[in-house]
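**Student:** With the sequence up front, the predicted model follows.
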Amino acid sequence: MLALCLSVAAAGSVAAQPASPPPAPGDESHWQEVGATGFATKRLVLASACAEACPWGELGEFVRDAMKPAGYEIILCRNCNRTEGPRIVAEARFPPPLVDDDLRHGTVKRIKARIDFGITEASMMKWAYEGKFIYAKDGPYPNLRLIARIEDPTYLLVAVKPGLGITSLAEIRERRLPVRILTWMQPSEAPVLDYYGLDRESLKSWGASIVTPKDVTAETPFDVIISSLASPANNPESSFWTKLTVYHDLDYLELPQDLRDQMVAKVDMVHTVARWGVLPGVDRNIASVGRSGEVVFARDDMPDDMAYAAAKAIDENRGELKWFVRPYSIDPRTVGDGKGVPLHPGAARYYREKGYIK
């Protein structure tokens, strides 16, 4: 999820990132010494995120606290890793250098240790494993393994300012409207623009533009929102929806059935309904698509007993998930479902003992 920690670019537009190097001799800028870590210890470094309600940040805190009674010290890498999570876990990298977003949101230290496991969005783990979309140039990463899937639903919604006077996104191209479209251009959003022929160059030709919904306020200039992170929750990636629909009394548009079918088939979405009142201004049931799932994941070299301990701790403490900013939950029927990414054998042993998988 991605304003701070889940932001991704359009499918196929992110180049492979260089591996984050170990600290150079004498380079202590932002580094935080944490001592011995890794699978030979019970001190593991988790690729998490910032402490300001980012989903991967608060889930990192959940995993840290859940595993503590079993004798594990989980050290949180607080970088806003965005799309980098699967990469830095797969390659056991050091955390990447801090950027302005990190510093502005309270992450001022860079853990001086290699990453042992991580938290990311379920589809991103799958895309990295398969080498698709934003991981097409540098993937696949076949050593990734699922430990636990945690449900976390968001909707793909489209909304426009009432003054725009349109009932379909098709009118933007037909009328060459100079609109500002607020979207992350994620693989779960880009198909909407593709369907209506709203590529950047065409939009630019008639004075329209695509704007990243970063640090959105009520005064942020926009005309259209296309976002797969729609939710009434107050995490940074989704909170702009409530803010803008309250201030601007947005009109919500329903996407056509064939587009929704395409997104289910190609970008791991599911058919769902955004029901009356899910957000202010949603005054009817809207047929839509959505996604649900953050994942705790590791490499295939994590010892089985550690993966077992992580799965057990997450499951036994799942009742704590209801107290976080996002509406997390664990479904025994999906907790071990990596959508093609293999379940770590240690986690599989635990879920098999519980009867969650056969």
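**Tutor:** Here it is on my side, so go on. Every value quoted in this text rests on a predicted model; they were computed, and no experiment measured them.

**Student:** Could you chop the protein up by domain?
**Tutor:** 31-153+292-354, 154-291 (automatic domain parsing).

**Student:** so which of the ones you listed is the most packed in?
**Tutor:** Comparing the domains of the chain by mean neighbour count (mean count of other C-beta atoms under 10 Å), domain 31-153+292-354 ranks first with a mean of 20. No exception for glycine: its C-beta is placed from N, CA and C like everyone else's.

**Student:** quick one: average pLDDT of that one?
**Tutor:** For domain 31-153+292-354, the mean per-residue pLDDT is 95.

**Student:** ok, which stretches of the chain are strands?
**Tutor:** Under the criterion DSSP state E, the chain contains strands at 31-32, 43-47, 73-77, 110-111, 117-121, 144-160, 180-182, 209-211, 224-230, 251-253, 270-274, 286-299.

**Student:** can the ones you listed go into TSV with extra columns for distance to residue 318?
**Tutor:** Shown next, in TSV, are these (distance: least, C-beta to C-beta, whole Å):
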stretch	distance to residue 318
strand 31-32	30
strand 43-47	18
strand 73-77	17
strand 110-111	27
strand 117-121	15
strand 144-160	8
strand 180-182	34
strand 209-211	38
strand 224-230	23
strand 251-253	33
strand 270-274	22
strand 286-299	12
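
**Student:** Show me the one of those strands that comes nearest residue 311.
**Tutor:** Ranking these by proximity to residue 311 (C-beta to C-beta) places strand 144-160 first, at 5.6 Å.

**Student:** from the middle of its chain, how far away would the closest one be?
**Tutor:** Counting by C-alpha atoms, centre = their mean, to the nearest Å, strand 144-160 is centred 7 Å from the centre of its parent chain.

**Student:** One more: stretch 156-175?
**Tutor:** 26 Å.

**Student:** go on, stretch 122-140?
**Tutor:** The chain centre lies 13 Å from the centre of stretch 122-140; the measure is C-alpha atoms, centre = their mean.

**Student:** Give me the distance between the two termini of it.
**Tutor:** End-to-end distance for stretch 122-140, by C-alpha to C-alpha, to the nearest Å: 15 Å.
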